[in-house]
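> sequence first, then the predicted structure:
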Amino acid sequence: MEKRYIYLVASYTDTFIGRLIRWRAKIRFWDRYEGDGYSHVSLAISPGLGEMMSFARKRISNPFVAGLIKESIKGGMFAKNSDRSYIAVMRIEVTEEEYQKITQCMEQYWNRRTELHYNFAGLFWMMLFGRGKYVRNRYFCSQWCAEVLDNSGVEIFPGEETYNIKPFDFYRTLKENIVYEGLAAAYKEQYVAAVR
């Protein structure tokens, strides 16, 4: 039977919000975490990462117009800041049933995207207190990725509320699953060489 994989992509694209998150991690010099330089995480169901989903800015020029988006490592903020866009790609093996549930869950969220908004309150609480805040129909990137996986039976953070999950929590927990880490612009060639 053919193996199925999903991909979690931790990233840093040198944006205003990204710099804030990275700055917040750096000032916690007494409590640093592996991978805390990554300020964003996306979910993909194919290795090309041509269509990932996450909660992020909808317009490149405005970080405050945000929601559920489809993104690609060859476009958007990744392309705009290509010389400063770093990613860590974590590959997770899942069952066929889990894979189908994840794709269906992502599609259901996408069909409801106009009802869903960015969880700025949760992000603010995370920045100040290191813990998120639940707000109905509002998500930030790592919260949404964790929720999709939880709802699909792929539990990465058992017992933890999804609104408390940070992008670097994925990196720290899944570091053994990293198949590529480096510039986003160099990903495709290096990924194919590394795992095929």
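Received the coordinates, thanks.

> and the helices in this protein, which stretches?
Using DSSP state H, the helices assigned to the chain run over residues 16-27, 76-80, 96-111, 120-129, 141-151, 167-173, 187-195.

> for residue 47, which of these is the nearest?
Using CB to CB as the measure, helix 187-195 is the one of those that comes nearest residue 47, at 6.6 Å. Where C-beta positions appear, they are placed from N, C-alpha and C, glycine not excepted.

> average pLDDT across the closest one?
Looking at helix 187-195 alone, the average pLDDT works out to 60.

> what residues are up against the residue minimising distance to the centre of the chain?
The centroid of the chain falls nearest to residue 41 when counting by CA atoms, centre = their mean (1.5 Å). Residues counted as contacts of residue 41 (CB atoms under 8 Å, 6 or more residues apart in numbering) are 8, 9, 10, 11, 54, 141, 142, 145, 167, 170.

> do the same with residue 52
The neighbourhood of residue 52, defined by CB under 8 Å, 6+ apart, consists of 7, 9, 42, 43, 44, 70, 71, 72, 73.

> narrow the contacts of residue 41 to those that are buried.
Among the contacts of residue 41, those classed as buried by 16 or more other CB atoms under 10 Å are 8, 9, 10, 11, 54, 141, 142, 145, 167, 170.

> least confident secondary structure element in this structure?
The weakest-scoring helix or strand in the chain, judged by mean pLDDT, DSSP states H and E, is helix 16-27 (a mean of 57).

> circling back: same list, the contacts of residue 41, but as a markdown table with pLDDT please.
Converted to a markdown table, those look like this (pLDDT from 0 to 100):
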| residue | pLDDT |
| --- | --- |
| 8 | 97 |
| 9 | 95 |
| 10 | 93 |
| 11 | 90 |
| 54 | 95 |
| 141 | 93 |
| 142 | 95 |
| 145 | 98 |
| 167 | 88 |
| 170 | 94 |
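
> okay, the helices of the chain, which one's buried deepest?
helix 141-151 (a mean of 24; mean count of other CB atoms under 10 Å).

> which stretch among the helices of the chain comes nearest residue 180?
Residue 180 lies closest, by CB to CB, to one member of these: helix 187-195, at 4.9 Å.

> one step back: farthest pair within the contacts of residue 52?
Based on CB to CB, the longest span within the contacts of residue 52 runs between 7 and 70 and measures 14.2 Å.

> neighbour count winner among these two?
For residue 7 versus residue 70, neighbours defined as other CB atoms under 10 Å are more numerous around residue 7 (21 against 15).

> distance check, the more buried one against residue 129.
In this structure, residue 7 lies at 30 Å from residue 129, with CB to CB, to the nearest Å as the measure.

> and what of residue 139?
From residue 139 across to residue 129, the span is 18 Å (CB to CB).

> residue 50 against residue 74, yeah?
Yes. In terms of CB atoms under 8 Å, residue 50 counts as a neighbour of residue 74; the distance is 6.9 Å.

> can you list residues touching both of these two?
With the criterion set as CB under 8 Å, 6+ apart, the contacts of residue 50 and residue 74 do not overlap.

> coming back round to it: for the contacts of residue 52, which one is nearest residue 156?
In terms of CB to CB, no member of those lies closer to residue 156 than residue 43, at 11.6 Å.
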